[in-house]
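# I need the structure of the sequence given here:
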Amino acid sequence: MRQLDVADALNFLYPQPLAFLSASAPDGTRNAMAVGWLMQVSFEPPILAVAVSPKNYTHRLIEKTESFVVSLAGEGQIDLINRLGSVSSGGADKLAEEHVEAMPAPNTGCPMIDGSAAHFECLVERRVTIGDHSVFFGRIVAAWVPEAPVQKIDNFGSQRYAPAEPAGR
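Numbering: from 1, shown residues only. Below is the predicted model of the structure:
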């Protein structure tokens, strides 16, 4: 057994889902970001946990509305993941600025990004601040997939992505 640097050891946590996290302000301003720190934490009720830096505008929107949508990235969205993951909106409608098509989710009004493999509408059950991030625990109130199936892509670390077939398609 040999000890490994913690930063190097964290690479063993991959692959992870590659996803968009989106939210809307009460005035209709929308925002989305790429998110990798995402996991299911409960079957009943169905809960997703997502870690978000308080520096992100999306974080502030989720705090205000206590809702968000997680959209699993679909094949062909790698460029969009990179754009939304590297551009800060500064409070503007990032989806409009980046010319991203999205429709409001029926229950939360948060954007569901076109071309994604699946969407989970969530209402915040709890928020925990730990280290330099907040973890939002969102109860899934609805889930959506496009009529024509879209293959999701997973993150293998260091901007290495690959298609992955989800269960139950």
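
# for the chain, where's the lowest mean pLDDT among helices and strands?
Lowest mean confidence among the helices and strands of the chain (mean pLDDT, DSSP states H and E): strand 161-164, at a mean of 78.

# what packs against it?
Where contact means 3 or more CB pairs under 8 Å, 6 or more residues apart in numbering; DSSP states H and E, strand 161-164 is packed against strand 152-155. All C-beta spots, glycine's among them, are computed from the backbone N, C-alpha and C.

# taking the mean pLDDT, what do you get for the strand it packs on?
The average pLDDT within strand 152-155 is 87.

# could you pull out the helices for this protein?
6-9, 57-65, 78-86, 94-97 (DSSP state H).

# Deepest in the core, which of these is it.
By mean neighbour count, with neighbours taken as mean count of other CB atoms under 10 Å, helix 57-65 ranks first of the helices of the chain at a mean of 20.

# picking up where we left off before, any chance of the helices of the chain in CSV, plus distance to residue 34?
As requested, these are exported to CSV (distance: least, CB to CB, whole Å):
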stretch, distance to residue 34
helix 6-9, 20
helix 57-65, 10
helix 78-86, 3
helix 94-97, 11
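
# can I get those in a markdown table with mean pLDDT?
As requested, the helices of the chain are exported to a markdown table (pLDDT from 0 to 100):
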| stretch | mean pLDDT |
| --- | --- |
| helix 6-9 | 86 |
| helix 57-65 | 93 |
| helix 78-86 | 86 |
| helix 94-97 | 84 |
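
# Which one, of the ones you listed, ends up nearest to residue 118?
helix 78-86 (15.0 Å; CB to CB).

# Next, the angle from the closest one to helix 57-65.
Following axes from the mean of the first three to the mean of the last three CA atoms, to 10 degrees, one obtains 70 degrees for the angle between helix 78-86 and helix 57-65.

# Output the contacting helices and strands for helix 78-86.
strand 19-24, strand 30-35.

# Please state the offset of it from the chain centre?
A distance of 12 Å separates the centroid of the chain from that of helix 78-86, by CA atoms, centre = their mean, to the nearest Å.

# what comes into contact with that helix?
If you take CB atoms under 8 Å, 6 or more residues apart in numbering as the criterion, helix 78-86 is touched by 18, 20, 32-34, 73, 94, 98, 100, 113, 115, 153, 159, 161.

# Filter those down to the buried ones.
By the neighbour-count criterion of 16 or more other CB atoms under 10 Å, these include these buried positions: 18, 20, 32, 33, 34, 73, 94, 100, 113, 115, 153, 161.

# which one of those residues is nearest residue 2?
Of all the buried ones among the contacts of helix 78-86, residue 161 has the smallest distance to residue 2: 29.7 Å, by CB to CB.
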